[in-house]
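Visitor: with the sequence up front, the predicted model follows.
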2 protein chains.
Amino acid sequence: MAHVNENHIKLPGSYLFAEIARRVNVFKNEHPDAGIIRLGIGDVTRPLPQASIDAMHKAVDDMAHESTFKGYPEYEGYDFLIQKIIDIDYKKRGINIQKDEVFVSDGAKSDTANIQELFDLNNIIAVTDPVYPVYVDSNVMAGRSGELGKDGRWSKIVYLPCTAENKFMPELPKQKVDIIYLCFPNNPTGMTLTKAELKKWVDYARSEKAVILFDSAYEAYISAEDVPRSIFEIEGAREVAIEFRSFSKTAGFTGTRCAYTIIPREVAAYSADGQAHNLNRMWYRRQATKFNGVSYIVQRGAEAVYSGEGQKQVQALVGYYMTNAKIILEGLKAVGLQAFGGVNAPYIWVKVPGGDSWAFFDRLLNEINIVGTPGAGFGPSGEGYFRLTAFGSRENTEEAVERLKKWNIT
Amino acid sequence: MAHVNENHIKLPGSYLFAEIARRVNVFKNEHPDAGIIRLGIGDVTRPLPQASIDAMHKAVDDMAHESTFKGYPEYEGYDFLIQKIIDIDYKKRGINIQKDEVFVSDGAKSDTANIQELFDLNNIIAVTDPVYPVYVDSNVMAGRSGELGKDGRWSKIVYLPCTAENKFMPELPKQKVDIIYLCFPNNPTGMTLTKAELKKWVDYARSEKAVILFDSAYEAYISAEDVPRSIFEIEGAREVAIEFRSFSKTAGFTGTRCAYTIIPREVAAYSADGQAHNLNRMWYRRQATKFNGVSYIVQRGAEAVYSGEGQKQVQALVGYYMTNAKIILEGLKAVGLQAFGGVNAPYIWVKVPGGDSWAFFDRLLNEINIVGTPGAGFGPSGEGYFRLTAFGSRENTEEAVERLKKWNIT
């Protein structure tokens, strides 16, 4: 008899964004003519950079001729892309990354969800709260979470609250933890850490032999000088950190699918006998066994992001969305709502009148046809907040703000 | 302190095909001018069908304009592709599959490696032997394998030998098993099962409440009439089987990356309290949490495979490779080697003179510069055999046979 993974069935009914999609579909079926504006899921709306379009046309042509046809990609990504990542995303900022430390993948979601496979089930996981649900859910499925309490917390997971009270800065855990998920610029709060603040975490991980899983999918949105783009700007981070990056939000690749993960050769996890094991080689083995690389066409599209033209086009994309962020922030202020983030990040984190974030979600959808993301979906400390994204079109963003201004919020 | 997944470090040094690539690279560095012919890894060499090329150009253009731009794909795949899969791969053969039973992915390797996550660690896994290494390795990493014995067998895995002695037909296991991996047409032996033989397995799974994980990545190569293309041609299979398919070998998508998995609503696994859990919904939850769908561009390329032109082009591709298979089979016969498969499958399974398959690999590489795959890499019962693939170019395939004929084998 096939026995089910009982950890898996502990998970609440649906993934946050699947649940949002479900509610929006119900509303759409009942109100087919409503002009819904989606500022919920962090999905981009602008076309791909022209440099990527041109490169992918060329790559499609390569697949049409025997002499240029490409079969199985390298498990870890093509050299042509890895070299660009190293030179432009890292070397330019004074960080040395070796070729075998870069792993190209189909998405930072896949990588942040799968990386936990390298670790024993008895590790204590720490997450900031609110948090991107994938970090928690992937550990629940694997069996590291314990049981879900009535307070919305899993018994074995350590939550690091980030609320207005502590300026959304996680404090070092009071109990020992083994693996720490950090995402800065933060999803969902839109807040960042300074170098000094991030260094506290690196120092903690070094002293505890913990590992930091650092999601920097939104680094392109940083404009402030003292905010690190990469955790590897912090001294000693190579010993304890794995970094996740994506082309999704930088270059609009949410529907094209490309990301990468940096695992320095130094990062280790330990067996019961105290021996250190190299996570870089373990991840290579994992990817070689369970993944077959990213489409050649897509990797060529990602490579083009690093060309001179590509870099300009990406800056224009980021600028476009950050203007949206400003419009939303000012609109929220104008209607008297308190909002955070939106300066070095494409997310705006709004304090919800009344405090019930799913109720606010339903009201916003039903009354002014705007889709956001309820903070409670990101964890217990997300309750009382609501996430809006800057990834809409300018027209929709302005229209959303107009609707907010006309809305009777209370 | 971060603790390592100790199951993971039980795995032998490298994934089979990574080890082959390593040995070939060593040889190439020493003999840069050698004309190596690769008939090892099952990677295609012919260009993509023109229908897919045209469709992907159009899809790339869609990504260049706001009105046609696509963000995050549906986790389970676009309707336009799912509907074609249902109509042409299944309905045409009298099989009814519902839309929510199809899950499009980036590869059958990913899906066959990840599907084990849905099952408890105490399930007993059965694999045919020799076998595609991914089924075994993914279970080793998860912790279902027990220990590796000196005979090359993992202590908790049930091996079903397939050798010349039993005509490469696995026999029903003598002990109870919970999950059975079957791949037909078989990789690596190239052998197939008739409907009557496959029915034995479905009947076994129904009576034991076991689940069959059926890999039919090579179904396009079947020409014989009584050989089932899909396990769902067998009565009752919907209750117990999950089927994996790929565009890799059908349409040459090894470097383009698209596949799909069928999970009927009826298939279940059981919790300790005896309750049945619907694997279809669990897989949806898994994919929504740990995967973000396949590139829009790639899905459009896959859709085009089902057009009238696309179907003709795929038939031509399959025909081309099967002519290669015939050339290899006849060449092997001419030099007195015993060979199997290669009729309803793109793989030829050769009996190795002397019996040591890695030694044969090294001799073939060093003496006549042909890369194959040593049978031992597929499991203990693969020792004594060697896999050649029909996926080379015609020219290379003919040249390989010429070299074999001139070679002093013994």
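Guide: On my side now, so go ahead. Residues are numbered from 1 along each chain as shown, chains lettered A, B, ... in the order given.
Visitor: could I get the buried residue list for the longest helix anywhere in chain A?
Guide: Counting residues, the longest helix found in chain A (DSSP state H) is helix A:308-334. For helix A:308-334, the neighbour count (16 or more other Cβ atoms under 10 Å in any protein chain shown) marks A:310-311, A:313-314, A:317-318, A:320-322, A:324-325, A:327-329, A:331-332 as buried. C-beta: built from backbone N, CA, C; applies to glycine.
Visitor: and the residue nearest to A:Thr289 when sequence neighbours are not counted, what's its pLDDT?
Guide: Spatial nearest neighbour of A:Thr289, chain neighbours left out: B:Asp137 (4.7 Å); criterion: Cβ to Cβ, 6 or more residues apart in numbering or on different chains. Listed pLDDT for B:Asp137 reads 96.
Visitor: quick one: contacts for B:Asp137?
Guide: By Cβ atoms under 8 Å, 6 or more residues apart in numbering or on different chains, B:Asp137 lies in contact with A:289, B:11, B:15, B:113.
Visitor: next SSE downstream of the longest helix of chain A?
Guide: Downstream of helix A:308-334, the first helix or strand assigned by DSSP states H and E is strand A:339-341.
Visitor: mind listing what that next one pairs with, with the direction of each?
Guide: strand A:347-351 (antiparallel) (DSSP bridges).
Visitor: the lowest-mean-pLDDT helix or strand in chain A vs chain B: in contact?
Guide: Least confident helix or strand, chain A: helix A:16-30 with a mean of 90, by mean pLDDT, DSSP states H and E. Yes. Helix A:16-30 is in contact with chain B by Cβ under 8 Å from any Cβ of the partner chain, via A:17-18.
Visitor: pull that helix out as PDB, backbone CA atoms only.
Guide: Extracted C-alpha coordinates of helix A:16-30, given in PDB (Å, rounded to 0.1, in the frame of the first residue of the first chain):
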ATOM      1  CA  LEU A  16      -1.300  31.800  -1.000                       C
ATOM      2  CA  PHE A  17      -1.300  33.000  -4.600                       C
ATOM      3  CA  ALA A  18      -3.400  30.100  -5.800                       C
ATOM      4  CA  GLU A  19      -6.000  31.100  -3.200                       C
ATOM      5  CA  ILE A  20      -5.900  34.700  -4.400                       C
ATOM      6  CA  ALA A  21      -6.300  33.600  -8.000                       C
ATOM      7  CA  ARG A  22      -9.300  31.400  -6.900                       C
ATOM      8  CA  ARG A  23     -11.000  34.300  -5.100                       C
ATOM      9  CA  VAL A  24     -10.400  36.600  -8.100                       C
ATOM     10  CA  ASN A  25     -11.900  34.000 -10.400                       C
ATOM     11  CA  VAL A  26     -15.000  33.700  -8.300                       C
ATOM     12  CA  PHE A  27     -15.400  37.400  -8.400                       C
ATOM     13  CA  LYS A  28     -14.800  37.600 -12.200                       C
ATOM     14  CA  ASN A  29     -17.400  34.900 -12.900                       C
ATOM     15  CA  GLU A  30     -19.900  36.900 -10.900                       C
END
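Visitor: host element of the residue nearest to A:Ala18 when sequence neighbours are not counted?
Guide: Distances taken as Cβ to Cβ, 6+ apart place B:Ala288 nearest to A:Ala18, at 4.8 Å, with adjacent residues excluded. If you go by DSSP H and E, B:Ala288 is part of helix B:279-290.
Visitor: now do that helix against helix A:16-30, angle only.
Guide: 110 degrees (axes from the mean of the first three to the mean of the last three Cα atoms, to 10 degrees).
Visitor: packing partners for helix B:279-290?
Guide: Helices and strands touching helix B:279-290, as assessed by 3 or more Cβ pairs under 8 Å, 6 or more residues apart in numbering or on different chains; DSSP states H and E, comprise helix A:108-114, helix A:133-142, strand B:102-105.
Visitor: now distance to A:Gln275 too, for the ones you listed, in CSV please.
Guide: Formatted as CSV, these follow (distance: least, Cβ to Cβ, whole Å):
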stretch, distance to A:Gln275
helix A:108-114, 23
helix A:133-142, 22
strand B:102-105, 35
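Visitor: ok, which of the ones you listed comes nearest A:Ala217?
Guide: Closest to A:Ala217 of the helices and strands packed on helix B:279-290 is helix A:108-114 (Cβ to Cβ; 5.0 Å).
Visitor: tell me how chain A divides into domains.
Guide: A:8-47+A:315-406, A:54-308 (automatic domain parsing).
Visitor: the ones you listed: lowest mean pLDDT?
Guide: Among those, domain A:8-47+A:315-406 scores lowest, at a mean of 94.
Visitor: got the end-to-end distance for it?
Guide: Counting by Cα to Cα, to the nearest Å, you get 44 Å between the two ends of domain A:8-47+A:315-406.
Visitor: so who does the closest residue to A:Pro49 other than its chain neighbours touch?
Guide: Spatial nearest neighbour of A:Pro49, chain neighbours left out: A:Gln313 (3.6 Å); criterion: Cβ to Cβ, 6+ apart. Contact analysis of A:Gln313 by Cβ under 8 Å, 6+ apart lists A:49-51.
Visitor: and if we set it to 10 Å?
Guide: A:46-53, A:251-252, A:304-305, A:307 (Cβ atoms under 10 Å, 6 or more residues apart in numbering or on different chains).
Visitor: what of A:Glu402?
Guide: Going by Cβ under 10 Å, 6+ apart, A:Glu402 touches A:331, A:368.
Visitor: for it, helix, strand, or coil?
Guide: helix (DSSP: H, G, I helix; E, B strand; the rest coil).
Visitor: ok, it to A:Gly331 distance?
Guide: Distance of A:Glu402 to A:Gly331, computed by Cβ to Cβ, to the nearest Å: 8 Å.
Visitor: same check, this time on A:Gln299
Guide: 39 Å.
Visitor: hang on, the earlier thing: from the contacts of A:Gln313, which land in helices?
Guide: Those of the contacts of A:Gln313 lying in helices (DSSP H): A:50-53, A:251, A:304.
Visitor: ok, those residues vs B:Asp178, which is closest?
Guide: Nearest to B:Asp178, judged by Cβ to Cβ, of those is A:Ala251 at 44.6 Å.
Visitor: which non-adjacent residue is nearest A:Gly341?
Guide: A:Gly190 (1.7 Å).
Visitor: picking that back up, B:Ala210: which of the ones in helices among the contacts of A:Gln313 is nearest?
Guide: A:Ala251 (45.8 Å).
Visitor: my guess is A:Lys299 contacts A:Pro73, does it?
Guide: Quick fix: residue A:299 reads Gln, not Lys. Yes. The criterion here is Cβ atoms under 10 Å, and A:Gln299 meets it with A:Pro73 at 6.9 Å.
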